[in-house]
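>>> sequence below, structure please.
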Amino acid sequence: MKSTENRPKAVIVIFGATGDLAKRKLFISIYRLFLSQKIDEDFAVVGVGRRPWSNHEFRETVMKSIQSSDQSQNDIDSFLSHFYYHQFDVLEPSSYLELGTLLTNMDEHYSIPGNRIFYLAMAPEFFGTIAKQLKEQGLTNTNGWSRLVIEKPFGHDLPSAIELNKEIREAFTENQIYRIDHYLGKEMVQNIEVIRFANAMFEPLWNNRFISNIQITSSEVLGVEDRGRYYENSGALKDMLQNHMLQIVSLLAMEPPIKLTTEEIRSEKVKVFKALRKIDENEIKNYFVRGQYIEGTVQGNQVPSYRDEDNVDPNSQTETFVAGKLFIDNFRWAGVPFYIRTGKRMALKSTKIIVQFSDIPMNLYYNTKEQMTPNLLIIHIQPDEGITLQLNAKRSDAESYTKPIQLTFNNNCVDCINTPEAYERLIYDCMLGDGTNFTHWDEVKYSWSFVDGISQAWTNNLAPLTTYESGSMGPKESDSLLATDGHNWWPVSDLLNDNKDR
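This next block holds a predicted model:
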């Protein structure tokens, strides 16, 4: 049995417990924490929803969720006994009072000292209402701690984000608010700081003197599936760039923090967001490309165009692909382009960071027969996790020609978008009160400020909406974005897999 240290006792209240996120991710993640004994045996999970379920029906749903995963099913009956259901009306104050009574009973039954996590896994238009009612009806007034976990999207632009933050801050302090970005729970995203700050071979080179450009690609083979209504109001810009992609940029570009504390790391990330170069509305077309997928073939299957998907406007102008060129105007990164691209219905599922180092001033082994390949550091985030370092070595013949070789570390882990593993880490961090891998309001504010300028230019039709065939790697205009700088997108076919058999 593990020590009780770092095994917090808490009641986890999941608003939206009958929804897809809870079924696919949250229940499984909490179960893994239970099996690994990272949470105390004295815990409770209260599912909140509109459906008139009993505790038994709720536990059956949790059971099916776990059975649908590859997770082993040990002590399942003991685990399920900690789950309770409460039928709830978000707009009705009496529902909160009844919930408060149930939580008090849970505290007494499991000897929990009033520690509560309120996880809002539901429509964002109710975030402010729920936060306000939790405080007004006394659910946060306990002898323990109260924490509010919020899924994206946090607003749909800067004004709406400011208004939402104002509502929530009337009930919770910034230190009590945990804004989830599941990318920050991924193993190799968390490894970015370690790769940079724990290796003498990288940190001295991590600047504009030695790095030519950095490329971040997050591609999906899936289309919008059943999310057409949501996607029509977000698009790839708000769904991916405003949060996930910019968070990765901040980790790649931040200065070394004074200490590895939440406050110091967040402080350095915020400096990166503040240094992002704002682009004039009329120049957006030279820095960003937006595209929308048309019909095509993905992994051997014929798929429809975006405009033919369910709940999508037949004349939709919503982008399913974004490519961009970002500049960070500070001493370390002046002049270095950060290229990002993300899209749906692309050739393969892959999230990778490629750091291209600058050519050396005089390469004695440069030859006209073949172009010397630059040194690359490749961080594989998904589907496989690992690191590849691409170097040049002598070919195995008599001539002094070189060839690229890869030195690879493989984490031997298959990962997916919104992985339970990521949520498992983040839920545990929240229980410990560690906000390092959650987004601070300042990060949200500056990222929306940057993205709103792009969105406004597109709304004003100052940049064209291009199309790309499903099963490709995006519109040809995204290639031109790099070609004007003398660069090209590096293939994201899985070098990690290529090296497994070497």
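>>> please make it C-alpha for all contacts and neighbour counts, starting now.
Fine.
>>> on the three-state scheme, the nearest residue to residue 234 once chain neighbours are set aside is what?
Spatially, and ignoring its direct neighbours in sequence, residue 234 is nearest to residue 156 (7.4 Å; CA to CA, 6 or more residues apart in numbering). Of the three states, residue 156 takes coil under DSSP: H, G, I helix; E, B strand; the rest coil.
>>> show me which strand runs longest in this structure.
Longest strand of the chain, by residue count under DSSP state E: strand 402-414.
>>> residues of that strand that come out buried?
Across strand 402-414, burial judged by 16 or more other CA atoms under 10 Å covers 402, 404-406, 408-409.
>>> ok, back up a step: can you pull the pLDDT of the residue nearest to residue 234?
On pLDDT, residue 156 comes in at 94.
>>> what does residue 360 give?
Residue 360 is given a pLDDT of 81.
>>> against residue 159, how distant is residue 457?
For residue 457, the distance to residue 159 equals 17 Å [CA to CA, to the nearest Å].
>>> more crowded one of these two?
residue 457 (17 against 14; other CA atoms under 10 Å).
>>> and that one, that one's in a helix?
Yes: applying three-state DSSP, one finds residue 457 inside a helix.
>>> neighbours of the residue nearest to it when sequence neighbours are not counted, how many?
Distance criterion CA to CA, 6+ apart; nearest residue to residue 457, sequence neighbours excluded, is residue 281 at 5.3 Å. Counted by other CA under 10 Å, the residues lying close to residue 281 total 16.
>>> same question, the one 4 residues further on
Neighbours of residue 285 under the rule other CA under 10 Å: 20.
>>> my read: it touches residue 462, true?
Yes: the pair residue 285 / residue 462 is scored as a contact, 7.0 Å apart, by CA atoms under 8 Å.
>>> elements contacting the helix or strand where residue 266 lies?
Using DSSP states H and E, residue 266 sits within helix 262-275. Packing partners of helix 262-275 (3 or more CA pairs under 8 Å, 6 or more residues apart in numbering; DSSP states H and E): helix 246-253, helix 441-459.
>>> closest to residue 493 out of these?
helix 246-253 (20.1 Å; CA to CA).
>>> now do the buried residues in whatever helix or strand residue 60 lives in.
Following DSSP H and E, one finds residue 60 within helix 55-67. Neighbour-count burial for helix 55-67 flags 55, 58-59, 61-63, 65-66 (criterion: 16+ other CA under 10 Å).
>>> and what of stretch 278-292?
In stretch 278-292, counting by 16+ other CA under 10 Å, buried: 278-279, 281, 284-285, 287-292.
>>> which non-adjacent residue is nearest the one residue sitting closest to the centre of the chain?
Centroid-nearest residue in the chain, with CA atoms, centre = their mean: residue 183, separated by 2.7 Å. Leaving aside its chain neighbours, residue 183 sits nearest to residue 244 (6.1 Å; criterion: CA to CA, 6+ apart).
>>> cool, residue 207 as well?
Per CA to CA, 6+ apart, closest to residue 207 is residue 332, 5.1 Å.
>>> any idea how far the one you found lies from residue 292?
For residue 332 relative to residue 292 (CA to CA), the value is 35 Å.
>>> same question for residue 188.
29 Å.
>>> please apply the same query to residue 281.
From residue 281 to residue 292 the distance is 21 Å (CA to CA).
>>> tell me the phi and psi of residue 179?
phi -90, psi 120 (degrees, to the nearest 10).
>>> so it bridges to which residues?
residue 150, residue 439 (DSSP bridges).
>>> that one: how many residues sit nearby?
20.
>>> who are the contact partners of residue 345?
Shown in contact with residue 345 (CA atoms under 8 Å, 6 or more residues apart in numbering): 219-223, 293, 298, 470-472.
>>> grab the nearest non-local neighbour of residue 28.
The nearest residue in space to residue 28 (CA to CA, 6+ apart) is residue 66, at 5.7 Å.
>>> the one you found: what's it in contact with?
Contacts of residue 66 (CA under 8 Å, 6+ apart): 27-28, 31, 73.
>>> how about 10 Å then?
Contact analysis of residue 66 by CA atoms under 10 Å, 6 or more residues apart in numbering lists 23-25, 27-29, 31-32, 60, 72-73, 76.
>>> show me which of those residues are buried.
Of the contacts of residue 66, these count as buried by 16+ other CA under 10 Å: 23-25, 27-29, 31-32.
>>> quick check: residue 459 vs residue 290, distance?
For residue 459 relative to residue 290 (CA to CA), the value is 12 Å.
>>> overlap in contacts of those two?
Counting by CA under 10 Å, 6+ apart, the shared contacts of residue 459 and residue 290 are residue 317.
>>> does residue 256 touch residue 268 like I think?
Yes: Residue 256 lies in contact with residue 268 (CA atoms under 10 Å); the separation is 7.5 Å.
>>> show me where the stretch 301-450 of the chain has strands.
According to DSSP state E, counting those that start in this stretch, the stretch 301-450 of the chain carries its strands in the segments 301-303, 321-326, 338-343, 350-357, 376-382, 384-394, 402-414.
>>> measure stretch 133-141 end to end?
Using CA to CA, first and last residues of stretch 133-141 are 12 Å apart.
>>> and it, what's buried?
133-134, 137, 139-140.
>>> give me the neighbour count for the closest residue to residue 307 other than its chain neighbours.
Closest residue to residue 307 apart from its sequence neighbours, by CA to CA, 6+ apart: residue 314 at 4.9 Å. Around residue 314 there are 12 other residues, counting by other CA under 10 Å.
>>> before we move on, what about residue 464?
Around residue 464 there are 12 residues (other CA under 10 Å).
>>> wait, isn't it in contact with residue 318?
No: look at residue 464 against residue 318 with CA under 10 Å: they stay out of range, at 11.5 Å.
>>> which residue ranges of the stretch 1-150 of the chain form strands?
Taking DSSP E, counting those that start in this stretch as the test, the strands found in the stretch 1-150 of the chain are 11-15, 44-49, 83-87, 116-120, 146-150.
>>> for the residue nearest to residue 178 when sequence neighbours are not counted, give me its contacts.
Spatial nearest neighbour of residue 178, chain neighbours left out: residue 149 (4.7 Å); criterion: CA to CA, 6+ apart. Residue 149 makes contact with 14, 117-121, 176-180, 426-427, 430, 438, according to CA under 10 Å, 6+ apart.
>>> how far away is residue 149 from residue 177?
6 Å.
>>> give me the common contacts of the two.
118, 430, 438.
>>> residue 202: which of those is nearest?
residue 438 (25.8 Å).
>>> ok, now which ones touch the closest one?
149-150, 177-185, 262, 266, 426, 429-430 are the contacts of residue 438 under CA under 10 Å, 6+ apart.
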